[in-house]
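Q: Here you go, sequence then predicted model.
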Amino acid sequence: MAQYDVVIIGGGPGGYNAAIRAGQLGLKTALVEKNPTLGGTCLNVGCMPSKALLHASEMFEAAGKDFAHLGIEVTPRLNLPQMMGQKAESVLALTKGIEFLMKKNKIDWIKGYGKLAGPGKVEVTGEDGAVTVLEAKNTVIATGSEPSGLPGVTVDQKRIVDSTGALSLPEVPKHLVVIGAGIIGLELGSVWRRLGAQVTVVEFLDRITPGMDTDTAKTFQRGLTKQGMTFKLGSKVTGAKASATGVEVTVEPVAGGAAETVSADYVLLAIGRRAFTEGLGLESVGIVPDKRGVIDTDHFRTTAPGVWAIGDVIHGPMLAHKAEEDAVACIEFIAGKVGHVDYNLVPSVVYTAPEVAWVGQTEEQLKAAGVAYKVGKFPFSANSRAKINHETEGFAKVLADAKTDEILGVHIIGPQAGELIGEYCVAMAFRAASEDIARTCHPHPTRSEAGRQAAMGVEGWTMQS
Ligand code: FAD
Ligand code: NAI
């Protein structure tokens, strides 16, 4: 029986980063993955393919709508197979990169379905049905998540798709109905709208993107609406009937009232994700997931000695960079060091246009906690780089403690918001005051000046950049 210091089940951002850190720390490590490629949801059917399509579709729309104003006259023609092909090539290169990193760090990739088989044992069933038993001093569960289902809406990956299906539609929908105005719905809805689809988003709540600062979410919704997306807020889908050519979707107001039928040719179900622990043998070591299927942990330790869990399968935001943070900290604990993750400083980014990014607390959270705070806000319409690039939608907003001036939250909606938020992650990790940013020289002309101007705004001395 092969013996390991660490056996990791799941080769996504949680699992592969845990494996690399374990290899670096000299632990004998095996990574068990059931899929033919490493990288998990993020590389294969999540972050990376969605960003590939967001980039390509943004270029396509810009070529048709924005280039002429710059003096570039082109008539773009969509080649969907090529767009999908370059996405697949990039994804393959990325997954091969992870394979290389496993070899480099001397990790054994055990191909097959992993299952806990009592204390200190992991059973792996290969594609051919052969079972290998691994002996593990420590087992790390990194099995990730899967899309949540909705009664009355059966995903067939043909007409009614989840995010995986929506990343590979064979044609541009005439009318795409998206169920859920969360990150997946708005990112993938944006992709298909830019390529020519009419997109209707049905959302249960009376707002989009719960968790996002409300002021920012309102600006975001206005921007998406201006682009042609239609929102049915406070509405629920009670059924969807697929035929060979389309789908009839039944939508009802949450507050009560008459149902309506919306005809679409494709439906994307994107109402959240749930932890994936199917067939994992949790019962063999006495782990009982909570009622949402999530594994409870204390500093990544489960209730079973020597069994740890990280990433989407435990509590916290379901994000690749959070899974990576969990991974490093968990392995450092296993190696006898002290791991640390500051969950308040896990940034979020929605890769639409305008892009939205934030870190720390929202205004609503600060109000609910009774924290007195000051606000500095700066519009991209007053940022010179954004102006010359004709990307003036949105703002940067800094929330700082009214007494100490410590930065408590930053919310950016506008060009390259995801790149701009990194500066604030670092600043907040060092517990910076808004004045620290306000008095730091930033390059001109850059969009980062909008972030600085917002910090200056906290003390009321914003200037034009
Ligand atoms: P996963 O990536 O889900 O990996 C789990 C792995 O475990 C899988 O490969 C699975 O096959 C394997 N596995 C499961 N059970 C077993 C078993 N019993 N035996 C062997 N192997 C098993 N996050 C971001 O931060 N940024 C983004 O831009 C972003 N975009 C996204 C877009 C989409 C469309 C989706 C769906 C998600 C996106 N996410 C994004 C979320 C991100 O993909 C996840 O948070 C991240 O992948 C979680 O990592 P993980 O390692 O916990 O799990
Ligand atoms: P989500 O949790 O972001 O949004 C789901 C939305 O569906 C919410 O607005 C919710 O109110 C709504 N909803 C729930 N039930 C509903 C119903 N019955 N009818 C109508 N609306 C309903 O989930 P989503 O978009 O599926 O994404 C899952 C996770 O994947 C995200 O939370 C995020 O962690 C991750 N992700 C991250 C990305 C990024 O970082 N850029 C990109 C895509 C996904």
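A: Everything's here; your move. Ligands and ions are numbered 1, 2, ... in the order given.

Q: quick one: residue 372 and residue 404 touch, right?
A: No. Using Cβ atoms under 8 Å, residue 372 is not in contact with residue 404, being 10.3 Å away. Placement of C-beta: from N, CA and C, glycine included.

Q: In contact with residue 123: list those residues for me.
A: By Cβ atoms under 8 Å, 6 or more residues apart in numbering, the contact list for residue 123 reads 114, 115, 116, 117, 131, 132, 133, 134, 281.

Q: Mind checking which of those residues are buried?
A: Using 16 or more other Cβ atoms under 10 Å as the burial test, the contacts of residue 123 include 114, 115, 116, 117, 132, 134, 281 as buried.

Q: which residues sit in contact with the third one?
A: This points to residue 116. So residue 116 contacts 9, 122, 123, 139, 141, 280, 281, 282, 284, 285, 287, 307 (Cβ under 8 Å, 6+ apart).

Q: where does the protein come near ligand 1, residue by residue?
A: 9-15, 32-35, 40-42, 46-47, 50, 113-114, 142-145, 163, 184, 276, 280, 311-312, 318-321, 323, 351 (Cβ under 6 Å from any ligand atom).

Q: Is residue 249 in a helix, a strand, or coil?
A: Secondary structure for residue 249, judged by DSSP: H, G, I helix; E, B strand; the rest coil, is strand.

Q: Number of residues surrounding it?
A: Other residues near residue 249 come to 25 when the count uses other Cβ atoms under 10 Å.

Q: Which strand residues bridge it?
A: Counting by DSSP bridges, residue 249 is bridged to residue 240, residue 262.

Q: Please indicate which of the residues of the chain next to ligand 1 are buried?
A: Buried among the residues of the chain next to ligand 1 (16+ other Cβ under 10 Å): 9-15, 32-35, 40-42, 46-47, 50, 113-114, 142-145, 163, 184, 276, 280, 311-312, 318-321, 323, 351.

Q: Any figure for the gap between the residue nearest to residue 388 when sequence neighbours are not counted and residue 283?
A: Nearest residue to residue 388, sequence neighbours excluded (Cβ to Cβ, 6 or more residues apart in numbering): residue 445, at 7.2 Å. Separation of residue 445 from residue 283 (Cβ to Cβ, to the nearest Å): 60 Å.

Q: more neighbours, those two?
A: Comparing residue 445 with residue 283 by other Cβ under 10 Å, the one with more neighbours is residue 445, at 15 against 9.

Q: you'd agree that one is in a helix?
A: No. Residue 445 is assigned coil when assessed by three-state DSSP, not a helix.

Q: Show me what from the stretch 301-450 of the chain comes close to ligand 2.
A: Counting by Cβ under 6 Å from any ligand atom, the residues of the stretch 301-450 of the chain near ligand 2 are 317, 318, 319, 349, 350, 351.

Q: Out of these, list just those in strands.
A: 349, 350 (DSSP state E).

Q: Report the closest residue of the stretch 151-300 of the chain relative to ligand 2.
A: Here the residue of the stretch 151-300 of the chain nearest ligand 2 is residue 182; by Cβ to the nearest ligand atom that distance is 1.7 Å.
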